[in-house]
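Asks: I'll drop the sequence and a predicted model, then ask my questions.
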Amino acid sequence: METVETKIENGIGWIILNRPDKLNAINLKMLEELEEVTKNFEENNDVKVIIFTGNGKAFSAGADISQFKELNSISAWNFAKKGRRVMDYIESVSKPTIAMINGYALGGGLELALACDFRIAAEEASLGLPEINLGIYPGFGGTQRLVRAIGKAKAMELMMTGDKIPAKEAERIGLVNKVVSLSSLKEETIKFAGKLMEKSPIALAILKHVILYGNDSPLLDGLNMESLGWGVAFSTEDEKEGVNAFLEKRKAIFKGK
Ligand SMILES: CC(C)(COP(=O)(O)OP(=O)(O)OC[C@H]1O[C@@H](n2cnc3c(N)ncnc32)[C@H](O)[C@@H]1OP(=O)(O)O)[C@@H](O)C(=O)NCCC(=O)NCCSC(=O)CCO
């Protein structure tokens, strides 16, 4: 891979954006590689949780602006559609995903983090959607996902002013789940991933689907998805194990079956 590094350690699939001299700006190659490595991890049984992060001082400063000079309306539209499809795919992965935000998460970088299930940020991180300063606006799903994540008023403020906010403010408005020191970021993120790895991966996958797609549907459809998925969970060995473990007063050991 040219633009991302990957490794699998103790059930965690790491996807590390790797253009540190360009603050991990997302070019077309990186979009393609992100899609490919995410797909590989989704299909790999050794990977239980996927963590995205960046090498160097940024998570990602967004789409690669140096490529914008060559774009016209049609190629820009296609680039946005490509970016959007990759973010949609990342959001749809059946395994839990975490954005470990080690520094700047701007523009497309924040849109990648928004496509993840959880965001854990270092105190030093700075987040925002500054595209408006380029005479454009977020194009990798941010206009929709940010509103859903933090509500319309704050989302419009961030997108229309282009202001960057510190991690603590991002936590206050519900944009990130947790803020920790940079020195403990990796340890805290692994600890959080560990909690997820103790659960039934099947229940997590169904739950994720119901939350994501149920909330984007009319209430009745979402509620129907919830009860149908709940029934499906009862066809798993993990459900038997969970209930038996409770009744036998021991810790459940889920096998993902
Ligand atoms: C993130 C900023 C504020 C950091 O500033 P600073 O620390 O001063 O670092 P720089 O010298 O600016 O950057 C170092 C190096 O990285 C290049 N770079 C940074 N961001 C990008 C980018 N998005 N695309 C391409 N290249 C980038 C920068 O040019 C430098 O390269 P040199 O070769 O050393 O000159 C600051 O970098 C900043 O504001 N970046 C842009 C943030 C932004 O506007 N993001 C939105 C992009 S559009 C988008 O994401 C569309 C999808 O919705």
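Replies: It's in.

Asks: Is there a neighbour count for residue 163? I'd like the number.
Replies: 15 (other C-beta atoms under 10 Å). C-beta here means a position set from N, CA and C on the backbone, and glycine is covered the same way.

Asks: Break the chain down into its structural domains.
Replies: As assigned by the TED database, the chain contains the domains 4-197, 199-248.

Asks: Ok, which of the ones you listed comes nearest the ligand?
Replies: Closest to the ligand of the domains of the chain is domain 4-197 (C-beta to the nearest ligand atom; 2.5 Å).

Asks: quick one: is the closest one near the ligand?
Replies: Yes - using C-beta under 6 Å from any ligand atom, domain 4-197 reaches the ligand at 22-23, 25, 61-66, 104, 106-108, 111, 130-131, 134, 138-140, 142.

Asks: Just the residues you listed: which are in strands?
Replies: Judged by DSSP state E, those include 104, 106 as members of strands.

Asks: Can you tell me which of the residues of domain 4-197 next to the ligand are buried?
Replies: When these are checked for burial by 16 or more other C-beta atoms under 10 Å, the buried set is 22-23, 25, 61-64, 104, 106-108, 111, 130-131, 138-140, 142.

Asks: OK, contacts around residue 112?
Replies: 26, 34, 52, 59-60, 87, 90, 99, 105, 140 (C-beta atoms under 8 Å, 6 or more residues apart in numbering).

Asks: Quick check on those residues: which are buried?
Replies: By 16+ other C-beta under 10 Å, those give 26, 34, 52, 59-60, 87, 90, 99, 105, 140 as buried.

Asks: want to throw these into a markdown table with pLDDT and distance to residue 12?
Replies: Below are the buried ones among the contacts of residue 112 laid out as a markdown table (pLDDT from 0 to 100; distance: C-beta to C-beta, whole Å):
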| residue | pLDDT | distance to residue 12 |
| --- | --- | --- |
| 26 | 98 | 22 |
| 34 | 98 | 17 |
| 52 | 99 | 11 |
| 59 | 98 | 17 |
| 60 | 98 | 19 |
| 87 | 98 | 21 |
| 90 | 98 | 16 |
| 99 | 98 | 13 |
| 105 | 98 | 20 |
| 140 | 98 | 24 |
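
Asks: Run a quick neighbour tally on residue 3.
Replies: Residue 3: 20 neighbours (other C-beta under 10 Å).

Asks: Now do it against residue 160, distance only.
Replies: Residue 3 is 31 Å from residue 160, where distance means C-beta to C-beta, to the nearest Å.

Asks: Isn't residue 255 up against residue 238?
Replies: Yes - between residue 255 and residue 238 there is a contact at 6.6 Å, judged by C-beta atoms under 8 Å.
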